[in-house]
Each structure stands twice: as C-alpha cells, then as structure tokens.
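Asker: 3D model of this:
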Amino acid sequence: MGESNMRTNLEVIARILGFSTIFGVVLVLIWLGLYLTGFICSFQMFDLTPHECGVITYGGIGLMKLLVYTFFLLPWLAIRLEIRRQKNGRSL
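Answerer: Below you'll find the predicted structure:
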C-alpha cells in the first residue's frame, strides 16, 4: 500500500508542476505579446528609453523562462520518468 500511495502523491505533484509550467509559459507569452505591441514601453511610469525598456523586458523574459524551466519543467520531467520507471517494475 505504501508504493501505490507514493505513486499517487508523485502523480499529484507531477500534475501540479505540469499546470505550473503551462501557466508560466503562458505568462511569458503574454509578456512578450505586450512588449511586441508596444504597450509596455508606452506605459510611462518611469522615464525609460525604448532601448532600456527592451533590455529590461528581454532580461525579465529570459529570467522567467529560466525559472519556469528550472523549478517546474525539469522536476515534472524527473517525476514523470520515475512514475514510468515504477510502472515498468524497474528499480534503481
């Protein structure tokens, strides 16, 4: 009973990480879309040049992608591989 409970927990965690990955990628795409339409740079909260706005935006998008891949996608992939290994009956 312990192994099936562990596999169920892993499946729940994998599902949460999968949805988090999708949410993070959608957030990056929305951010990119707002930048490409010029909305972000036209929003004059600070006195930034278009070049500075682009540098900050590209850096932020790159950092967000790195964080999504590191904290959501890679753990999801590792958990899915472990679940598949357990279903095939292989052990380390």
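
Asker: List the residues that contact the nearest residue to Pro50 once chain neighbours are set aside.
Answerer: Counting by C-beta to C-beta, 6 or more residues apart in numbering, the nearest residue to Pro50 once its immediate chain neighbours are dropped is Cys41, at 5.3 Å. C-betas here are computed from N, CA, C, even on glycine. Shown in contact with Cys41 (C-beta atoms under 8 Å, 6 or more residues apart in numbering): Tyr35, Leu48, Pro50, Cys53, Gly54, Thr57.

Asker: what's the next secondary structure element after whatever helix or strand Leu10 lives in?
Answerer: Per DSSP states H and E: Leu10 is located in helix 2-36. Counting by DSSP H and E, the next helix or strand C-terminal to helix 2-36 is helix 39-42.

Asker: Which parts of the helix holding Leu10 count as buried, going by neighbours?
Answerer: Across helix 2-36, burial judged by 16 or more other C-beta atoms under 10 Å covers Ala14, Leu17, Gly18, Ser20, Thr21, Gly24, Val25, Val28, Leu32, Tyr35.
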